[in-house]
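>>> Predicted model and sequence follow; I will ask about them next.
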Amino acid sequence: MQWDVVVKRIEGHQAVISFQDGEEVIIPLKYLPSQCRVGDVLRVEVYFNPFETLERLLKGSKTV
C-alpha cells in the first residue's frame with residue numbers, strides 16, 4: 001500500500017503529516033528525509049513482510 005502525504009507542521013523533533021482523507025499522524029523527524037519542510041509531499045509505503053514476522057515469532061521476540 002502507498003499514500004501521498006503532506007507535511008503539515010514541524011514541532012520540535014516531530015512532524016505532523018496529513019493523509020488525503022485529513023487523518024493526521026505524528027512522526028519523529030529522524031524517520032523523514034533530511035531537510036524535509038512544511039508543505040513537502042512524501043510517499044509512504046507499507047508492506048507486509050511475512051518472513052520477518054515468522055522469524056520474530058520463532059525467536060520469541062516481544063516486539064511483534
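Cool, the structure landed.

>>> helix or strand right after the longest strand that the chain contains?
The residue-count maximum for a strand in the chain (DSSP state E) belongs to strand 2-11. Under the assignment DSSP states H and E, the closest C-terminal helix or strand after strand 2-11 is strand 14-18.

>>> At which residues are the helices of this protein located?
Assignment of helices within the chain using DSSP state H yields the ranges 50-59.

>>> on that earlier part again, partner strands of the longest strand of the chain, with direction?
With DSSP bridges as the criterion, the sheet partners recorded for strand 2-11 are strand 14-18 (antiparallel), strand 41-45 (antiparallel).

>>> average pLDDT across the first one?
For strand 14-18, mean pLDDT is 98.

>>> Next, count neighbours for residue 11.
Per other C-beta atoms under 10 Å, the neighbour tally for residue 11 reads 10. Using the backbone N, CA and C atoms, a C-beta is placed for each residue, glycine as well.

>>> circling back: quick one: buried residues of the longest strand of the chain?
Counting neighbours by 16 or more other C-beta atoms under 10 Å, one finds that the buried residues in strand 2-11 are 5, 7.

>>> Alpha carbons of it, as PDB, please.
Listed next in PDB are the C-alpha coordinates belonging to strand 2-11 (Å, rounded to 0.1, in the frame of the first residue of the first chain):
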ATOM      1  CA  GLN A   2       1.200   3.500  -0.600                       C
ATOM      2  CA  TRP A   3      -0.100   7.000   0.100                       C
ATOM      3  CA  ASP A   4       1.000  10.500  -0.700                       C
ATOM      4  CA  VAL A   5       1.000  12.700   2.500                       C
ATOM      5  CA  VAL A   6       1.700  16.300   3.200                       C
ATOM      6  CA  VAL A   7       4.000  17.600   6.000                       C
ATOM      7  CA  LYS A   8       1.600  20.000   7.800                       C
ATOM      8  CA  ARG A   9       3.700  21.100  10.700                       C
ATOM      9  CA  ILE A  10       7.000  20.600  12.300                       C
ATOM     10  CA  GLU A  11       7.100  20.800  16.100                       C
END
